[in-house]
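>>> quick check, what structure comes out for this input:
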Amino acid sequence: MNNPIVKYLINNHFLTALIVIALFWLAIDLSNILIIIFISYIIMAALSPFSDYLTQKRIPRILAALIPYTIAIAILVLLILPLVPLFISQIELLFSNFPKYINQIANALNLNIDAASVKNVFESDANTLSKNVLNVTGKFLSGFFSTFTVLVISFYLMLQREMLKKQFVGLWPKKSQDQVQETIARVEDKIGRWLRGQLVLSFTIGFFTWGGLTLFGLPFALPLSLLAGILEIVPTIGPIIAAIPAVIVALTISPGLAISVIFFYILVQMLENHILVPKIMQKAVGLNPIVIIIGVLIGSHFMGILGALLSVPFIAMTLIIVKSFRSSNQ
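Purely as a prediction, here's the structure:
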């Protein structure tokens, strides 16, 4: 340990503990802002190779940053907007029929579940939702504002990427600057690959699930497949959770169909684990499944679904930084 500041902190355990507690408290207090910045950084890292390619072709920096964002947003809008009306109608229908499905399964398994109570719970939730239009509208506007903020910050991070790197690297001693530069490049590459790979993986799983459920003639194939694609972002646990609603819907038709749906989801999971993940995600993340599960559980405990989604890139980034710090002090 050649750095005198590091030496002093290691020797002064009380001061080190105070600094760690203060940083932890500050991170919790500013968690919403830090999450927005982290998501923005992930998006920037995912799109930076395309921007770098355009820059190498002597396209002005602002256009090289703007073109990938415009294309990405256009693709998302063209894919999502046409599906929104159908998706909403399917979700409403699934929501209204779910108490009936639960009652049918309970009768088949000789379980004593009051269908009226279940229906009342769903209806009360729906009524509460409709009565709190202002709250719902406020949450929607807040989500839209957060999304817009993420896009703006990530765009400016892309635009000022090289300058920000130089300023950050300049904060370190000259003998460490090359390693800091290399660490930043490895972090950007890792989390950028993660997001690009995750989008491909989610789309592929969602498409295969929709095709399979449609062939089975299962109702609500579209929302169930979208759910499978979205939950694919949550490693290991997500696909299991996504299969449960599909199995419940299938059970209301026939036990044979439910068994077929179970085997279909197992087949999709095997396809993912043995073909898609090794080809798409293994090089991108390369984390131990146990580490991923623990990280997802911790992330979901502190920040819910968003914490579960961001746990993998955060762990990957942390491991790169820790390995770099260890190598610099050997």
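
>>> now Thr70: how far from Phe155?
10 Å (C-beta to C-beta, to the nearest Å). Every C-beta, even on glycine, is put in place using the N, C-alpha and C of the backbone.

>>> what does Ile230 give?
From Ile230 to Phe155 the distance is 24 Å (C-beta to C-beta).

>>> quick check, Ala258 in contact with Val247.
Yes - using C-beta atoms under 8 Å, Ala258 makes contact with Val247 at a distance of 5.5 Å.

>>> who's more crowded, those two?
Between Ala258 and Val247, counting by other C-beta atoms under 10 Å, Ala258 is the more crowded of the two (19 against 16).

>>> after the host helix or strand of that one, which helix or strand is next?
Assigning secondary structure by DSSP states H and E places Ala258 in helix 255-271. Where DSSP H and E defines the elements, the next helix or strand beyond helix 255-271 is helix 289-328.

>>> buried residues in that next one?
Buried residues in helix 289-328, counted by 16 or more other C-beta atoms under 10 Å: 292, 295-296, 299-300, 303, 307-317, 320, 324.

>>> helices or strands next to that helix in the packing?
The contact analysis (3 or more C-beta pairs under 8 Å, 6 or more residues apart in numbering; DSSP states H and E) places helix 289-328 against helix 31-56, helix 174-216, helix 237-251.

>>> Val77 is nearest to which of those?
Comparison of those against Val77 by C-beta to C-beta identifies helix 174-216 as nearest, at 14.9 Å.

>>> and after that closest one, which helix or strand comes next?
helix 221-231.

>>> give the other helices and strands that that following helix contacts.
helix 84-108, helix 174-216, helix 237-251.

>>> least confident of those helices, on average?
Ranked by mean pLDDT, the helices and strands packed on helix 221-231 bottom out at helix 84-108, with a mean of 63.

>>> please, which helix or strand holds Trp172?
In the assignment (DSSP H and E), Trp172 maps to no helix and no strand.

>>> so who does the closest residue to it other than its chain neighbours touch?
Spatial nearest neighbour of Trp172, chain neighbours left out: Val180 (5.0 Å); criterion: C-beta to C-beta, 6 or more residues apart in numbering. Counting by C-beta atoms under 8 Å, 6 or more residues apart in numbering, Val180 touches 168-169, 172.

>>> between these, which is closest to Tyr265?
Nearest to Tyr265 among the contacts of Val180, with distances taken as C-beta to C-beta, is Phe168, at 44.6 Å.

>>> go ahead and confirm the closest one touches Ile184.
Yes - judged on C-beta under 8 Å, Phe168 makes contact with Ile184 at a distance of 7.3 Å.

>>> where does pLDDT dip in this protein?
Applying pLDDT under 70 to the chain flags the ranges 1-20, 24, 27-28, 79-144, 235-236, 277-289, 328-330.

>>> ok, now with 90
1-39, 51-66, 68-206, 217-258, 268-330 (pLDDT under 90).

>>> Thr70 and Phe155: who's more crowded?
In terms of neighbours (other C-beta under 10 Å), Phe155 is the more surrounded of Thr70 and Phe155; the figures are 19 against 11.

>>> state the distance from the more buried one to Thr55.
For Phe155, the distance to Thr55 equals 15 Å [C-beta to C-beta].

>>> same check on Phe220?
Remark: distance between Phe220 and Thr55 (C-beta to C-beta) = 45 Å.

>>> one more: Thr214?
43 Å.

>>> neighbour count: these two, which is higher?
Taking other C-beta under 10 Å, Thr214 and Thr55 do not tie; Thr55 has more neighbours (16 against 12).

>>> the more buried one against Arg61, yeah?
Yes - judged on C-beta under 8 Å, Thr55 makes contact with Arg61 at a distance of 6.3 Å.

>>> re earlier: for the helices and strands packed on helix 289-328, could you give me JSON lines that also reports distance to Leu226?
JSON lines is the format used below for these (distance: least, C-beta to C-beta, whole Å):
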{"stretch": "helix 31-56", "distance to Leu226": "21"}
{"stretch": "helix 174-216", "distance to Leu226": "6"}
{"stretch": "helix 237-251", "distance to Leu226": "10"}
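
>>> ok, which of those helices comes nearest Gln160?
Closest approach to Gln160 among those (C-beta to C-beta): helix 31-56, 10.1 Å.

>>> buried ones in the helix or strand just after the closest one?
Once the chain leaves helix 31-56, the next helix or strand it forms, by DSSP H and E, is helix 61-80. Within helix 61-80, the residues that count as buried by 16+ other C-beta under 10 Å are 64-66, 68-69, 72.

>>> closest to Val268 among those?
Ala72 (26.4 Å).

>>> relative to Gly197, how far out is that closest one?
Taking C-beta to C-beta, one finds Ala72 at 15 Å from Gly197.

>>> in space, what's closest to Glu188 - neighbours in sequence excluded?
Per C-beta to C-beta, 6+ apart, closest to Glu188 is Ala45, 4.3 Å.
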